[in-house]
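A.B. asks: coords please:
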Amino acid sequence: MGQNKIREARDAKGWTQKDLADRMGTTQQTIQRYEKGTRNIKSSVLAQLSEVLDVTVAYLLGMNESDTSQVDAVNVPLYSSISAGKPLEMADAEAMYPIPIDVCDRWPNAFLLRVEGESMNRILPNGCYALIDPHTVIDYDGQPYALHVGMSDAAIRRVRRLAYGLELLPDSTDPSFERQTIDPADQDAPSLSIIGRVVWHCIPYDWSY
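C.D. replies: Predicted coordinates for the structure are as follows:
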């Protein structure tokens, strides 16, 4: 990131670092580190900065917005797994991985989850990175969601609403993967918690067939 871009946008507003910090809900020291480039900025923070400062994410990254041939990207957290019962903000990201700026602009709070296995291979090949937009409810019927069933690690399934609960559907060429019904009225049914909706995916740079 061009280290002076946040300062330039802040100066254009006539704000001090404390003014910006107050509007961002953070500290002056954090803003100072952002401006000096000594701290990596998460995509969600970049999106908030762009909204507060009324500039684009590309501007904050010091990119030439008129150059349409340039591939503008923002780093987001990449998780290899997400354990049940552990808040996402406390989970350790495996790494940061770039996604296109226009994707980040649509889902500024999203993160990547490494897909393991063949249960969703019609839409998400084994080893790809699925972009998860955090949600705790099913707001798009039949769409793929990352979720916990019981105390299992995160899995991805299409989720369909039923009159008496939810149906979890694999989307695979392998017929051995079976659908699962979760009825909240059944005392023996496993608990279900939603992490977020799958909104995009990409293939890692080191992908091999």
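A.B. asks: Name the surrounding residues that touch the helix or strand hosting Glu8.
C.D. replies: Assigned by DSSP states H and E, Glu8 belongs to helix 5-13. Applying C-beta atoms under 8 Å, 6 or more residues apart in numbering, the external contacts of helix 5-13 come out as 16-17, 19-20, 31, 34-35, 49, 53-55, 59-62. Any C-beta I mention is one placed from the backbone N, CA and C, and that applies to glycine too.
A.B. asks: which one of these has the most neighbours?
C.D. replies: For the contacts of helix 5-13, the largest neighbour count, defined by other C-beta atoms under 10 Å, is 27 neighbours, found at Tyr34.
A.B. asks: so what's that residue up against?
C.D. replies: The contact partners of Tyr34, taken as C-beta under 8 Å, 6+ apart, are Ile6, Ile41, Leu49.
A.B. asks: In terms of residue numbering, what are the domains of the protein?
C.D. replies: Residue ranges for the domains of the chain, per automatic domain parsing: 5-68, 76-202.
A.B. asks: Same list (those) but as TSV, adding mean pLDDT.
C.D. replies: Below are the domains of the chain laid out as TSV (pLDDT from 0 to 100):
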stretch	mean pLDDT
domain 5-68	82
domain 76-202	91
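A.B. asks: want to try JSON lines for those, with distance to Ser208 as columns?
C.D. replies: JSON lines is the format used below for these (distance: least, C-beta to C-beta, whole Å):
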{"stretch": "domain 5-68", "distance to Ser208": "27"}
{"stretch": "domain 76-202", "distance to Ser208": "9"}
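A.B. asks: so what secondary structure elements neighbour the longest strand seen in the chain?
C.D. replies: In the chain, with assignment by DSSP state E, the single longest strand is strand 192-202. Under the contact criterion of 3 or more C-beta pairs under 8 Å, 6 or more residues apart in numbering; DSSP states H and E, strand 192-202 touches strand 129-134, strand 144-149.
A.B. asks: still on that earlier bit, let me know the closest of the contacts of helix 5-13 to His135.
C.D. replies: Leu49 (23.4 Å; C-beta to C-beta).
A.B. asks: Perfect, I'm done here.
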